[in-house]
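> output the structure for:
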Amino acid sequence: MAERIRIEIGFDGGQGLAALVTSDEADKLEDALAKGSDGVFKIDAEDGSYAISLRRIVFVKRYARESRVGFGAAA
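Numbering: from 1, shown residues only. Okay, the predicted model is just below:
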């Protein structure tokens, strides 16, 4: 199974979307935005599929890894 990363997408008007996607999905979204593509982009996330308007995206935040809170040995 492909590793999933968290992305957050901000839209004009203040709405936002957070999703767990494969790095390939995140790359495709970034490529579409870099090319100035217009129209609808489909994202397949862990919890379902989203169709988003590229024209309405204000920012995309991509997390390096999913952070986890837990107990461990202190260094």
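> low-confidence stretches in the protein?
1, 65-75 (pLDDT under 70).
> where do the helices sit along it?
Listed in chain order, the helices of the chain (DSSP state H) span 23-34.
> distance of the residue nearest to Glu30 when sequence neighbours are not counted from Leu54?
Nearest residue to Glu30, sequence neighbours excluded (CB to CB, 6 or more residues apart in numbering): Val60, at 6.7 Å. In this view, the C-beta of every residue, glycine as well, is placed from N, C-alpha and C. Per CB to CB, to the nearest Å, Val60 is found 11 Å from Leu54.
> what's the overlap in contacts for those two?
Common contacts of Val60 and Leu54 (CB atoms under 8 Å, 6 or more residues apart in numbering): Leu33.
> what is the end-to-end distance of stretch 4-24?
End-to-end distance of stretch 4-24 (CA to CA, to the nearest Å): 9 Å.
> run through the bridge partners of the residue nearest to Glu30.
Ile9 (DSSP bridges).
> surely it and Phe11 touch.
No. At 10.5 Å, Val60 does not count as touching Phe11 under the criterion of CB atoms under 8 Å.
> can you pull the contacts of Ile52?
Applying CB under 8 Å, 6+ apart, the residues near Ile52 are 9, 11, 17, 40-43.
> switch the cut-off to 7 Å
The neighbours of Ile52, taking CB atoms under 7 Å, 6 or more residues apart in numbering as the test, are 9, 40-41, 43.
> I'm done for today, thanks for sticking with me.
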